[in-house]
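Peer 1: Fold the following, please.
(one chain, ligands or ions: 3)
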Amino acid sequence: MTATKLLGDLLRERGVSRRAFLKYASYVTSLMALPPSAAAAMADGLAKAHRQAVIWLSFQECTGCTESLTRSFSPTLEELIFDFISLDYHETLQAASGEAAEAARHASMRENKGKYIVVVDGSVPTADGGVYSVIAGRTNLDVLAETVADAAAVIAVGTCASFGGLPAAKPNPTGAVPVSELVRGKPLINIPGCPPMPQAMAGTIAQILAFGKLPELDALNRPRAFFGETIHDRCYRRPFYERGMFAKSFDDRGARDGWCLYELGCKGPVTYNACASLKWNGGVSFPIQSGHGCIGCSEPRFWDRGGLYRPLSAGTTDAGRVIAIAAAAGVALGAGSAALARRRSAATRALDETRTKQE
Ligand code: SF4
Ligand code: SF4
Ligand code: F3S
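Peer 2: Residues are numbered from 1 along each chain as shown. Ligands and ions are numbered 1, 2, ... in the order given. Here you go, the predicted model:
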């Protein structure tokens, strides 16, 4: 359980060649929008890294986030990531159960004090003392507070953990809150999406291991490499949007011919995620390509923002007006983002300080 072996040695033992390793590093650096020259540095960084201890906590969630990572169609990337980490506790994936599982979590916290990463999926119920979700007889609030106390960093995966997600949808009977509302004084990364893209989860962890610091984050603490552009920015239906050609129903001729789904409720113009460029299921498709508008699943309060099928505007074919409304929505998001950014920039600095002390 203690993270002693170097990753480079581990991979060599498993027959991973230097060439294959470099190829993987090139892939990750391109995912992270780093210059090609960073590939060799990433390969060296990963080779010299110790196997990272990770404790994965699942709270109010549906297991979709774990499914996304483990059932992905890009096994090379995600399998390698599992080689890079020591997943010491994960309720769905671990063999141990009951007291043995809790003992494994405590042992990892003890042995990797100050160095382990806590990954959280699911929101945390706070109403009525947090009684709506308990593990081993303890509330999620308790388990989270105990586990993050000696962590090096916290990664909230999925929209539930990042922003509250579905459990926090109105009327939010359990008082569900995102991890960021509870964790203070720790570096925190949000990787939202319902579920999040496996490349975003794996690539972020790989970058932390290789370079020993957080990737560049946006105002909502999301890695810029994966959340720097909207779905709309990269959507293949965009030319139809620009020409004001909008599908009127999901099965009309326009929808089948690739016309824009804006009037059918697509939230792509205000949703930051990499689906349109990386796509799902091994690069096969993404919601819009499958004929459905983006529902904004990686954004805060996506469930409560006026209806999944209601257009961002009142529904217009005036492309100029559409753009204006989308831009206004972007400004509104940006204002909220700026406030969060101010709260979180201190945490980002804290990780660097923690790492520096450890070195
Ligand atoms: Fe499930 Fe979505 Fe929440 Fe992940 S973010 S736990 S996929 S509801
Ligand atoms: Fe694509 Fe939606 Fe933008 Fe239309 S509104 S171009 S379907 S992202
Ligand atoms: Fe979610 Fe929109 Fe991508 S609904 S999966 S962010 S296309």
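
Peer 1: check which helix or strand covers the residue in the stretch 1-150 of the chain that ligand 2 sits nearest to.
Peer 2: For the stretch 1-150 of the chain and ligand 2, the shortest gap (C-beta to the nearest ligand atom) falls at A33, measuring 20.3 Å. (Each C-beta comes from the backbone N, C-alpha and C, glycine too.) Element membership for A33, per DSSP states H and E: none, as it lies in no helix or strand.

Peer 1: show me the contacts for it.
Peer 2: A33 makes contact with 224-225, 228 under the criterion C-beta atoms under 8 Å, 6 or more residues apart in numbering.

Peer 1: quick one: which of those residues is most hemmed in?
Peer 2: Counting neighbours by other C-beta atoms under 10 Å, A225 comes out on top of the contacts of A33 with 23 neighbours.

Peer 1: pretty sure that one is in a helix, no?
Peer 2: Yes - under DSSP: H, G, I helix; E, B strand; the rest coil, A225 sits within a helix.

Peer 1: does it really touch E216, like I thought?
Peer 2: Yes - taking contacts as C-beta atoms under 8 Å, A225 lies within contact range of E216: 7.3 Å.

Peer 1: where do the strands sit along the stretch 51-200 of the chain?
Peer 2: Counting by DSSP state E, counting those that start in this stretch, the stretch 51-200 of the chain has strands at residues 52-58, 85-90, 117-121, 124-125, 134-135, 138-139, 153-157, 176-177, 188-191.

Peer 1: Give me the angle between the longest one and strand 117-121.
Peer 2: Read it as strand 52-58. Here strand 52-58 runs at 20 degrees with respect to strand 117-121, directions being taken by axes from the mean of the first three to the mean of the last three C-alpha atoms, to 10 degrees.

Peer 1: thinking again about what came up before, also near ligand 1: which of the contacts of A33, exactly?
Peer 2: Applying C-beta under 6 Å from any ligand atom to the contacts of A33, one finds that nothing falls near ligand 1.

Peer 1: which residues of the stretch 1-150 of the chain score low on pLDDT?
Peer 2: Applying pLDDT under 70 to the stretch 1-150 of the chain flags the ranges 1-4, 71-82.

Peer 1: Name the residue of the stretch 51-200 of the chain that lies nearest to ligand 3.
Peer 2: Distance from ligand 3 to each residue of the stretch 51-200 of the chain (C-beta to the nearest ligand atom) is smallest for G193, at 5.9 Å.

Peer 1: ok but G293 is inside a helix, no?
Peer 2: No - according to three-state DSSP, G293 belongs to no helix; its state is coil.

Peer 1: show me the contacts for the one residue sitting closest to the centre of the chain.
Peer 2: Ranked by distance to the mean C-alpha position of the chain (C-alpha atoms, centre = their mean), the top residue is I191 at 1.9 Å. Contacts for I191 were tallied using C-beta under 8 Å, 6+ apart; they are 155-158, 162, 200-201, 204, 222-223, 226.

Peer 1: Could you measure from the closest residue to ligand 2 within the stretch 151-300 of the chain over to ligand 1?
Peer 2: Nearest residue of the stretch 151-300 of the chain to ligand 2, counting by C-beta to the nearest ligand atom: G268, 2.3 Å away. Taken as C-beta to the nearest ligand atom, to the nearest Å, the spacing of G268 relative to ligand 1 amounts to 18 Å.

Peer 1: sorry, back to before: need the phi and psi values for the residue of the stretch 1-150 of the chain closest to ligand 2.
Peer 2: According to degrees, to the nearest 10, the main-chain angles of A33 amount to phi 60, psi 30.

Peer 1: and the residue lying closest to R256 once chain neighbours are set aside, how far is that from ligand 3?
Peer 2: With C-beta to C-beta, 6 or more residues apart in numbering as the criterion, R256 has its nearest non-adjacent residue at 7.9 Å, and that residue is G291. G291 is 12 Å from ligand 3, where distance means C-beta to the nearest ligand atom.

Peer 1: With G203 instead?
Peer 2: Distance check for G203 against ligand 3: by C-beta to the nearest ligand atom, it reads 16 Å.

Peer 1: please begin residue numbering at 9 from this point
Peer 2: Sure, I'll start numbering at 9, so the last one becomes G211.

Peer 1: ok, that residue - contacts?
Peer 2: 36, 39-40, 85, 231, 233-234.

Peer 1: Of those, select the buried ones using a PyMOL command.
Peer 2: Applying 16 or more other C-beta atoms under 10 Å to the contacts of G211, the buried members can be selected in PyMOL as follows:
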select buried, resi 36+39+40+85+231+233+234
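
Peer 1: Please convert the contacts of G211 to CSV, extending it with distance to ligand 3.
Peer 2: Converted to CSV, the contacts of G211 look like this (distance: C-beta to the nearest ligand atom, whole Å):
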residue, distance to ligand 3
V36, 21
L39, 16
M40, 19
L85, 18
P231, 15
A233, 16
F234, 11
